[in-house]
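**Q** quick one, what's the 3D model for this:
(chains A and B)
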Amino acid sequence: MKKHEMICIVCPMSCHLEVDLDDAGQVLNVTGNACNRGDVYARKELTNPTRMLTSTVKISGALYDRLPVITSSDIPKGKMFEVMKALAHVEVVAPVAMNEVIIKNVCGLDVDIIASRSMERVH
Amino acid sequence: MKHFDLVIIGGGSAGLAAAVSAYDNGVRDILILERDKELGGILQQCIHNGFGVHTFKEELSGPGFAERFVNLVHQKFITYKLNAMVIHMNDNKTIEYVSPDEGYVLIKAGAIILAMGCRERTRGAIAVPGYRPSGVWSAGTAQRYINMEGFMVGKKIFILGSGDIGLIMARRLTLEGAEVKGVAEIMPYSNGLPRNIKQCLEDFDIPLFLSHTITKIDGLDRVSGVTIAQVDDRMQPIVGTEKTFDVDTVLFSIGLIPENALSEEANIEMDPKTRGPKVDESYQTSLEGVFACGNVLHVHDLVDFVAEEGRKTGIAAAKYINDQLNTGNVIHTVAKEGIGYIVPQMIHPVNLDKTIELMFRVRKQYKNVELVIKKDDEVLRVIKKKHLAPAEMEKVILKASDVALCQQSLSIEVVEDVA
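**A** This is a model prediction of the structure:
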């Protein structure tokens, strides 16, 4: 059996979690969590950790040259750099509305890249 | 001279929330003065998510959070001026601003809400030795360049200060292809939220050097390297602990200072601890009819709390305009042992509705202590705390009826060594 220590990132309480793992890496037990969300987080973090990703893409005809974008839901942590690469060559033209899909099913995931703000066309 | 019932200086989260709330409480003649090209303030460059959990019950990006408030301002036809920089505010509530569209303009306000936000501390504030090459940035400036203007600030980065902006920039720069060689923090603990240590540093194997500071920046034209050293109990570098890093860029994330040049010019009484105006329960400053909210009042951790303070200030300004704010008996709040500051600094019990919320920060990290709130010398409430840290603002809500019986002061202190 192995012990794994981690900090819960679900809320600002920042519980110090202790996770017991068997020799195959399976989660046996989570302690130190003040609520059940800590248990869920610890298990997910050790099996399939995910993160929301935010970045920008090029935009023309808007007030600024960058449009902020966000993933429509969390993506596997290990896919972050692949998604960043997919964003590097994207160029959009204003106007863009908030939540407009910029890339559908990015990198074959069941997740879209969407605009995190509106940008009007300016002259 | 044009007159407005309410002038709000600053169109960021505090100013927008205050404008919307003043409108909802009956004020119609409102003007927001914003110096940037668009409304939204610093939120527009904070493209990461996690905003709005309290205000909108969902996780938004900074621009997404701003857009919600900007839409409300448009729906209510609240007037605003962009590129409008306030250059003077006088104690008779006249305001002078300049803008490319209008030139110099002098206006008079019935009430003013100060919502100018804060500024970053710079390298000069902590006197870091070394050369003065290009490639030294405040973390927020780098954030604006990358997220809004589309310029990368460097390839090999070192960051001084573990506040949340520094941590978030460490992740952002890494995702954009830079190599972040480390983050140094002079304190023995991080000043950022633990979740940001995890998802911004540990996720990317970026080392955090606690009790370390930069002792030298090298480079004649461009940064060519940085030297850090461990510090002792008195924050002095320890000889022999130096480490050098081959970097082309250094970011400083070493704290925020409320931007109060206008408040000071109008002789508004300031709190040396918050570096913002002293306010009462209605967020009114020492100058009658002038209110303050958001980061110009005290630096917050979460935009949700800035917006909430703006909302309450908008209500108070509406009451003032309708002649419904009173004065009379004043109670002072007193930050005792372990407490850095308390906002508000004074309370007129007559203006309280049902409750009063006190916001404060502790001076250092504590574990398993009690917060003791006293009215005059009598204990009003004891709150057990597992964990307290300067990086996390604390709040306590008291009943108006408890405060009303208070003679002079309400105090908060930290009591250690509790059984």
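**Q** and the closest residue to B:Lys93 other than its chain neighbours, what element?
**A** Here the nearest residue to B:Lys93 in space, its sequence neighbours aside, is B:Ala109; by CB to CB, 6 or more residues apart in numbering or on different chains that works out to 4.8 Å. Every C-beta, even on glycine, is put in place using the N, C-alpha and C of the backbone. Taking DSSP states H and E as the definition, one finds B:Ala109 inside strand B:103-114.
**Q** for the residue nearest to B:Lys93, which residues make a bridge with it?
**A** Going by DSSP bridges, B:Ala109 is paired in beta bridges with B:Phe4.
**Q** okay, now residue 23: neighbour count?
**A** Chain wasn't specified; assuming chain A. Burial of A:Asp23, expressed as a neighbour count using other CB atoms under 10 Å in any protein chain shown, amounts to 7.
**Q** I was thinking of chain B, sorry if that wasn't clear
**A** Going by other CB under 10 Å, the residues that sit close to B:Tyr23 add up to 20.
**Q** next one: phi and psi at it?
**A** The phi and psi torsions at B:Tyr23 (degrees, to the nearest 10) take the values phi -60, psi -50.
**Q** list the contacts for it?
**A** B:Ile30, B:Lys76, B:Ile78, B:Gly314 (CB atoms under 8 Å, 6 or more residues apart in numbering or on different chains).
**Q** ok, which pair from these is furthest apart?
**A** Looking at those by CB to CB, the two members farthest from one another are B:Lys76 and B:Gly314, with 11.7 Å of separation.
**Q** look at those two and report which has more neighbours.
**A** Legend: neighbour count by other CB under 10 Å for B:Lys76 and B:Gly314, higher for B:Gly314 (30 against 14).
**Q** tell me the secondary structure at the more buried one.
**A** Following DSSP: H, G, I helix; E, B strand; the rest coil, we place B:Gly314 in the helix state.
**Q** you'd agree it is up against B:Ile78?
**A** No - under the contact definition of CB atoms under 8 Å, B:Gly314 does not touch B:Ile78, with a separation of 10.9 Å.
**Q** give the residues shared as contacts by these two.
**A** Common neighbours of B:Gly314 and B:Ile78, counting by CB under 8 Å, 6+ apart, are B:Ala19, B:Val20, B:Tyr23.
**Q** strands of the stretch 151-300 of chain B, start to end?
**A** Shown for the stretch 151-300 of chain B, the strands assigned by DSSP state E, counting those that start in this stretch span residues B:156-160, B:179-185, B:208-210, B:212-218, B:225-230, B:243-245, B:249-252, B:256-258, B:270-271, B:276-277, B:290-292.
**Q** can I get the ones you listed in a markdown table including mean pLDDT?
**A** As requested, these are arranged in a markdown table below (pLDDT from 0 to 100):
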| stretch | mean pLDDT |
| --- | --- |
| strand B:156-160 | 98 |
| strand B:179-185 | 98 |
| strand B:208-210 | 97 |
| strand B:212-218 | 95 |
| strand B:225-230 | 97 |
| strand B:243-245 | 98 |
| strand B:249-252 | 97 |
| strand B:256-258 | 95 |
| strand B:270-271 | 98 |
| strand B:276-277 | 98 |
| strand B:290-292 | 98 |
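**Q** okay if I get the ones you listed as CSV plus distance to B:Val362?
**A** Converted to CSV, the strands of the stretch 151-300 of chain B look like this (distance: least, CB to CB, whole Å):
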stretch, distance to B:Val362
strand B:156-160, 24
strand B:179-185, 18
strand B:208-210, 19
strand B:212-218, 23
strand B:225-230, 25
strand B:243-245, 31
strand B:249-252, 24
strand B:256-258, 18
strand B:270-271, 16
strand B:276-277, 18
strand B:290-292, 23
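**Q** reformat the ones you listed as CSV; add distance to chain A and mean neighbour count.
**A** Compiled in CSV, the strands of the stretch 151-300 of chain B are given as follows (distance: least, CB to the nearest CB, whole Å; neighbours: other CB atoms under 10 Å in any protein chain shown):
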stretch, distance to chain A, mean neighbour count
strand B:156-160, 17, 27
strand B:179-185, 13, 22
strand B:208-210, 13, 17
strand B:212-218, 21, 21
strand B:225-230, 24, 21
strand B:243-245, 23, 15
strand B:249-252, 18, 26
strand B:256-258, 18, 19
strand B:270-271, 25, 18
strand B:276-277, 23, 28
strand B:290-292, 25, 29
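**Q** related to what we said a few turns ago, narrow the contacts of B:Tyr23 to those in helices?
**A** The helices, defined by DSSP state H, take in B:Gly314 from the contacts of B:Tyr23.
**Q** domains of chain A?
**A** Under the assignment automatic domain parsing, the domains of chain A span A:2-47, A:54-115.
**Q** span of the last one from start to end?
**A** In other words, domain A:54-115. Its start and end residues considered, domain A:54-115 measures 10 Å (CA to CA, to the nearest Å).
**Q** spit out the contact partners of the residue positioned nearest the centre of chain A.
**A** For chain A, A:Met52 is the residue whose C-alpha lies nearest the centre (CA atoms, centre = their mean; 1.4 Å). Contacts for A:Met52 were tallied using CB under 8 Å, 6+ apart; they are A:Ile70, A:Thr71, A:Ser73, A:Asp74, A:Ile75, B:Asn49, B:Glu59.
**Q** from chain B, how far out is the second one?
**A** Looking back up the chat, that one is A:Thr71. 9 Å (CB to the nearest CB, to the nearest Å).
**Q** any idea what that residue is bridged to?
**A** The bridge-partner assignment for A:Thr71, based on DSSP bridges, gives A:Ile113.
**Q** over to the fifth one?
**A** Legend: beta-bridge partners of A:Ile75 under DSSP bridges are A:Arg51.
**Q** burial of the nearest residue to A:Glu91 once chain neighbours are set aside, as a residue count?
**A** The shortest distance from A:Glu91 to any residue other than its chain neighbours is 4.4 Å, reached at A:Lys58 (CB to CB, 6+ apart). Neighbours of A:Lys58 under the rule other CB under 10 Å: 15.
**Q** pretty sure A:Lys58 is touching A:Ala88, no?
**A** No - between A:Lys58 and A:Ala88 there is no contact, the gap being 9.2 Å when judged by CB under 8 Å.
**Q** where does chain B dip in pLDDT?
**A** Within chain B, the segments meeting pLDDT under 70 span B:418-419.
**Q** now B:Lys354: phi and psi?
**A** Given degrees, to the nearest 10, the pair of backbone angles that B:Lys354 has is phi -110, psi -30.
**Q** which helix in chain A runs the most residues?
**A** Counting residues, the longest helix in chain A under DSSP H turns out to be helix A:36-47.
**Q** so which residues make contact with stretch B:73-80?
**A** Applying CB under 8 Å, 6+ apart, the contact partners of stretch B:73-80 are B:Gly11, B:Leu16, B:Ala19, B:Val20, B:Tyr23, B:Ile30, B:Leu31, B:Ile32, B:Leu33, B:Glu34, B:Leu39.
**Q** output the contacting helices and strands for the strand or helix carrying B:Ile383.
**A** B:Ile383 is located in strand B:378-388, with elements delineated by DSSP H and E. Packing partners of strand B:378-388 (3 or more CB pairs under 8 Å, 6 or more residues apart in numbering or on different chains; DSSP states H and E): strand B:366-375, strand B:394-399.
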